[in-house]
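Engineer: no FASTA, just this:
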């Protein structure tokens, strides 16, 4: 539970964040291979740079999903990580970290 910038200082949260981006890039590559030309050609490095830039620009902010969990509101986790999990399943790309984070957030939602 931290601000956006706090993620960069958290030895527990940072490695899974990079793993999430790796899975997203693999899913996007699989989608492009399967004639989903509307999917951007994105590498893990490109995603990392983009996300790090957003984190630095919003380092003092609290993301909307964090606020939703704290206030007992439904999050957008299914639309974000859930979508990656579904696409991974459709294109035979393992998305274990995205699946795990989706499940953790959903459990936090139901616990409140």
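Structural biologist: Yes, it's here. Predicted model only: the values in this text are computed from it and were never measured.
Engineer: outside of stretch 99-106, which residues touch it?
Structural biologist: Stretch 99-106 is contacted from outside by 16, 20, 65, 69, 75, 77-78, 81-82, 85, using C-beta atoms under 8 Å, 6 or more residues apart in numbering. (Glycine included, C-beta is placed from N, CA and C.)
Engineer: would you turn those into JSON lines with distance to residue 35 and secondary structure?
Structural biologist: Shown next, in JSON lines, are those (distance: C-beta to C-beta, whole Å; DSSP: H, G, I helix; E, B strand; the rest coil):
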{"residue": "16", "distance to residue 35": "31", "secondary structure": "helix"}
{"residue": "20", "distance to residue 35": "25", "secondary structure": "helix"}
{"residue": "65", "distance to residue 35": "32", "secondary structure": "helix"}
{"residue": "69", "distance to residue 35": "37", "secondary structure": "helix"}
{"residue": "75", "distance to residue 35": "32", "secondary structure": "coil"}
{"residue": "77", "distance to residue 35": "28", "secondary structure": "helix"}
{"residue": "78", "distance to residue 35": "26", "secondary structure": "helix"}
{"residue": "81", "distance to residue 35": "24", "secondary structure": "helix"}
{"residue": "82", "distance to residue 35": "23", "secondary structure": "helix"}
{"residue": "85", "distance to residue 35": "21", "secondary structure": "helix"}
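Engineer: ranking those residues by neighbours, who comes first?
Structural biologist: Counting neighbours by other C-beta atoms under 10 Å, the top entry in the contacts of stretch 99-106 is residue 81, with 26 neighbours.
Engineer: Spit out the contact partners of it.
Structural biologist: Taking C-beta under 8 Å, 6+ apart, we find residue 81 in contact with 20, 98-99, 101-102, 105.
Engineer: got any ranges where the protein has weak pLDDT?
Structural biologist: By pLDDT under 70, the low-scoring segments of the chain are 36-37, 111-112.
Engineer: just to confirm, which helix or strand has the residue of the chain most remote from its centre in it?
Structural biologist: For the chain, the residue at maximal distance from the C-alpha centroid (C-alpha atoms, centre = their mean) is residue 35, at 23.5 Å. Following DSSP states H and E, one finds residue 35 outside all helices and strands.
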